[in-house]
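*Asks:* Could you work out the structure for the sequence below:
(chains A and B)
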Amino acid sequence: MNYDTIEILFVEDNIDDAILTLRALKKSGLANSIIHLKDGAEALDFIFATGVYQSRNINHKPKLILLDLKMPKVSGIEVLEKIKADPEFRLIPVVMLTSSKEDPDIKRCYELGVNSYIVKPVESDNFFQTIKELGIYWAVLNQPPH
Amino acid sequence: MTSNEQIDFRTLFEAVPGLYLILLPDFKIVAASDAYLNATMTIREEISGKYLFDVFPDNPDDASADGVSNLYLSLVTVLKNKVPHTMAMQKYDIRNPDGTFIEKYWSPLNKPVLNAKNEVVYIIHCVEDVTHRRNAEEQLMLANRKLEKLNAILEQEVEDRTKAIITTEKRYRDTLDNILEGVQMIGFDWRYLYVNKSLEKHGKYPKEELIGYTMMEKYPGIETTDVFKTIKRCFDERIAIQMDSEFTFPDNTVGWFELSLQPVPEGVFILSVDVTERKKAEREVKSLNEGLEQKIMERTNQLASVNKELEAFTYSVSHDLRAPLRAINGYAKILQEDYFEKLEDDGRSSITAILNNSKKMGELIDDLLAFSRLGRLNGVPSEINMTGLVRTVIEEAMVGNNGNVIFVNQDKNLLPAKGEQVLIKQVWANLISNAIKYSKYNAKTIIEIGSYYKDNMVTYYVKDNGAGFDMKYYDKLFGVFQRLHSQDEFEGTGIGLAIVQKVINHHKGKIWAESYLNEGSCFYFSLPTIHS
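*Replies:* Numbering: from 1, shown residues only, chains lettered A, B, ... in the order given. Next up is the predicted model:
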C-alpha cells in the first residue's frame, strides 16, 4: 500500500463510529486520502514508522490526525502526548473526537496542545455535518506550516 | 514666876482657837470659846446657863435633820460610860440672826471631865467645822461617781468591742472554713498553720493530719514540684503569685488547681480552686473534637470518593450510552439516505421512528446529565443585575421567532437579587422558553415578567397566555421527566422545570405556579435580596 498519499490519519476503535465517520468524510470528497487505524498503538507505529509501518516513509506526514479519546491499549491522550512531545511531529494538527462533553480529559488535551476537541453528536444529521465540516476545515481550508 | 491661881483660865479658855462648849451633866451651857460662838453665830451672854437643845434646835425646814437626837445620844453615852465619844460627821444647820439656816457639817467629840470621886462634873463638847472638807469630799465623791460611770461605760465598750471582734473573727473564720476555695496557711518552716474544709478535700487529708505537719512530710517529693518552688519564691520575695498547677498525689491521682499565693507575716496564705473536673471535661471535649474531626475527615473522604465515583458514572453514562445511540441514529440515517426508495411506507415510517426516538433519547441523556451537573455546582452567589440578565435571555430565546411573541413591561426594571448567575440564567431561560413554547398555538403570545419584594425575598414571575395546565396535576409539575402535555402537542423531555426547582431550592428560594387550562400560566420564584 502506498502511504505517501495519506492526508488524514483517523484513529477510532468503535467500528460503528468509524463507518459513520468515514461515510461523512467520503461525502466531503476526502475518502481517498484517509487511513483508518483501530487503536493507539497502531497509530503510533504509523506516525513514527515503526512495527508493521517501519518501511513507510517517515517524512511524509499526514495533514490531519483525528483521534478518538477512549481506545484500548494506548489511549488517544497518550498518542496526543507522544505527537506533541516530538518536535518533528508536533506541528501536525490533531483533533480529538469523543462521545461526551463530561470528559474529564478535555483540559488535559488542551494542555498537551490539541488543536481541536469535538464531541460527536448523537443525532446523525448533526454528526455527519460536524465530521464533514471538520474534515474540510482542517484538510482543505486550514493552511498548515511548512 | 506666877502661881496657878494668878492665871486667868477663863480668858485663856475663851481665846483658844478651837470650838469648845462646856456643859454640865444636865446639858446646861457653862462656857463657850469665842471661836465656838463665832462659828455658831451666838453670843455668850445669850446662851450661858441655857439648856443646850434650847439654844440649838433642829432646822425646822429640814425634815431629815437628826443633829439634836444624835448629840443627845452621844452625851448620854458619855455620862454613862465616862469615856470620850467621837460622833460621826453631823449635819447641823446654823441659825442666822434673821432666823434662816445655813447648811453646816460638823465633826463633834464629847469628852467627860471627872472629879476625884469619878463623877462626871463637866462635858467638853468640841466640834470642828468640816463643811468645806465635807463639800470637797462630796465633790470628790461626785467626781468619783462620774469616773465610775465613765469606767463602766468604757468597760462596756471594751467588752462590746471584744465581743464584736470575736464575732467578726469567728465569722471570718467560719467563712474561710466553709468557702469553696481551698485555704491554707503555711509557716516559714513549711508546716500547715491553717487549712479549711475545702482544702481537706483538695489535699486529700483531714485537717488533723495536716496542721503541724510539714508539706514534705505529707507529700514526699513535693520539693521537685513547681508548687514548692513557687511557695519558696513567695517566702523569699514576699510577693503575691498566681499559678496553675498540675499536682500528682501520693496515691498517683492527678489534680489541677488554680493557686493564688499571698505573703503573710506567718508565711504564705494560699487560695486554691480545684479545676480538675473542668480540665478533665476540657480534655474529653478535646479528644471528642479530635474524634469528630477524624470522623468528619473520613466522611469527607468518603463523600469525595462517592462524588468521584458519581462523576465517573456520569461520564460513563454519557459516553457509553451515546455511542450506541449514535450508531442507531447513524445507520437509520444511512438507510433513509441510501435505501428509502426501496422501502414501502411501513419501512419508511419505521426508519423515521428510529431516527426520532434515538434523537429523543440523546436529548434525554443530555438533559439528565445537565440535571445531575447542577448538584455538583458550588459557585459563589453574587449580586445579579436581573434586568440585564433577563434581557439577554429574551434575546437568545427570540432567535428564529416569527414575531408573534410580545413581552410587556419590558421598560420596567427588575429588582436585583443574590444568586449564582449561571444557574439563575438557566432558570430564566427555561421559564421563558416554556412560556414561548406553550403559547405557540396562539396568534399572539403575550408574556409578562415582573418582580416585587415579599417576606425579605425578591419574587419574580413569568406570565403567559398559553396552553396552561390543569392545577389538579400541580404536584407533578416540577418532577423529573414529568410532563403534563403530550409530545405531539408540545415537544420536551420534562427536565426543564425540575432544573428550575433544583436551582431555586439551592438558593433557598421558593417556586410555585398558577394556571388555568387554555388561559395561561404564571410561574413565580423567589430569591434572597442583595442585602441578605
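*Asks:* Show me the strands in chain A, by range?
*Replies:* Assigned strands in chain A, in chain order: A:8-11, A:34-37, A:64-68, A:94-98, A:116-119 (criterion: DSSP state E).
*Asks:* I misspoke; the intended subject was the stretch 251-400 of chain B.
*Replies:* B:254-264, B:267-274, B:382-384 (DSSP state E, counting those that start in this stretch).
*Asks:* Return the list of helices and strands in contact with the shortest one.
*Replies:* The one in question is strand B:382-384. Under the contact definition 3 or more CB pairs under 8 Å, 6 or more residues apart in numbering or on different chains; DSSP states H and E, strand B:382-384 sits against strand B:417-419, helix B:421-437. The way it works is simple: take the backbone N, C-alpha and C, and place the C-beta from them, glycine included.
*Asks:* Give me the residue at the spatial middle of chain A.
*Replies:* A:Leu66 (1.5 Å; CA atoms, centre = their mean).
*Asks:* Contacts only, for that residue.
*Replies:* Residues near A:Leu66 by CB atoms under 8 Å, 6 or more residues apart in numbering or on different chains: A:8-12, A:21, A:95, A:97, A:134.
*Asks:* sorry, back to before: mean neighbour count, the strands of the stretch 251-400 of chain B: which tops it?
*Replies:* strand B:267-274 (a mean of 21; mean count of other CB atoms under 10 Å in any protein chain shown).
*Asks:* so what does that one touch, helix or strand wise?
*Replies:* Checking 3+ CB pairs under 8 Å, 6+ apart, strand B:267-274 ends up next to strand B:182-187, helix B:197-203, helix B:226-237, strand B:254-264.
*Asks:* which residues touch the longest one?
*Replies:* Counting by CB under 8 Å, 6+ apart, helix B:226-237 makes contact with B:186, B:188, B:215, B:222, B:239-241, B:243, B:245, B:247, B:259, B:261-263, B:267-268, B:270, all of which sit outside it.
*Asks:* Spatially nearest residue to residue 36 (excluding sequence neighbours)?
*Replies:* Using chain A. In space, and not counting its chain neighbours, A:His36 is closest to A:Phe10: 4.7 Å by CB to CB, 6 or more residues apart in numbering or on different chains.
*Asks:* The chain in question should be chain B.
*Replies:* In space, B:Tyr36 is closest to B:Leu19, 4.3 Å off (CB to CB, 6+ apart).
*Asks:* The one you found: neighbour count?
*Replies:* Each residue near B:Leu19 was counted by other CB atoms under 10 Å in any protein chain shown, and the total is 21.
*Asks:* got the contact list for B:Lys82?
*Replies:* Contacts of B:Lys82 (CB under 8 Å, 6+ apart): B:112, B:114, B:118, B:120.
*Asks:* do the same with B:Leu199
*Replies:* B:182-184, B:210, B:272.
*Asks:* Please identify which pair of these lies farthest apart.
*Replies:* Using CB to CB, these span at most 13.3 Å, a distance reached by B:Leu210 and B:Ser272.
*Asks:* Mind listing the shared neighbours of those two?
*Replies:* B:184, B:199.
*Asks:* what comes up buried for stretch B:456-476?
*Replies:* B:457-469 (16 or more other CB atoms under 10 Å in any protein chain shown).
*Asks:* Quickly note the distance from B:Ser230 to B:Phe525.
*Replies:* Small correction: residue B:230 is Thr, not Ser. Taking CB to CB, to the nearest Å as the measure, B:Thr230 falls 68 Å from B:Phe525.
*Asks:* which one of the two has more residues nearby?
*Replies:* B:Phe525 (25 against 18).
*Asks:* which residues pair with that one across the strands?
*Replies:* B:Tyr460, B:Ile511 (DSSP bridges).
*Asks:* May I have the residues that are in contact with it?
*Replies:* B:Phe525 neighbours (CB under 8 Å, 6+ apart): B:427, B:431, B:459-461, B:500, B:504, B:509-512.
*Asks:* For the stretch 1-150 of chain B, which segments are assigned as strands?
*Replies:* Under DSSP E, counting those that start in this stretch, the stretch 1-150 of chain B gives strands at B:19-23, B:29-32, B:85-86, B:90-91, B:94-95, B:101-102, B:105-114, B:120-129.
*Asks:* For the first one, output the C-alpha coordinates as PDB.
*Replies:* Put plainly, it is strand B:19-23. C-alpha atoms of strand B:19-23 as PDB (Å, rounded to 0.1, in the frame of the first residue of the first chain):
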ATOM      1  CA  LEU B  19     -14.600  75.300 169.000                       C
ATOM      2  CA  TYR B  20     -15.400  74.300 172.600                       C
ATOM      3  CA  LEU B  21     -18.600  74.300 174.600                       C
ATOM      4  CA  ILE B  22     -18.600  73.200 178.200                       C
ATOM      5  CA  LEU B  23     -21.700  71.500 179.500                       C
END
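*Asks:* So which bits of stretch B:93-106 are buried?
*Replies:* For stretch B:93-106, using 16+ other CB under 10 Å, the buried residues are B:93-95, B:101, B:104-106.
*Asks:* same question, stretch A:81-89
*Replies:* A:81-84, A:89.
*Asks:* just to revisit the earlier point, any chance of a PyMOL selection covering the buried ones in the contacts of B:Lys82?
*Replies:* To isolate the buried subset of the contacts of B:Lys82 in PyMOL, counting by 16+ other CB under 10 Å, use the following:
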select buried, chain B and resi 112+120
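*Asks:* quick one: pLDDT of A:His146?
*Replies:* In this prediction, A:His146 carries a pLDDT score of 62.
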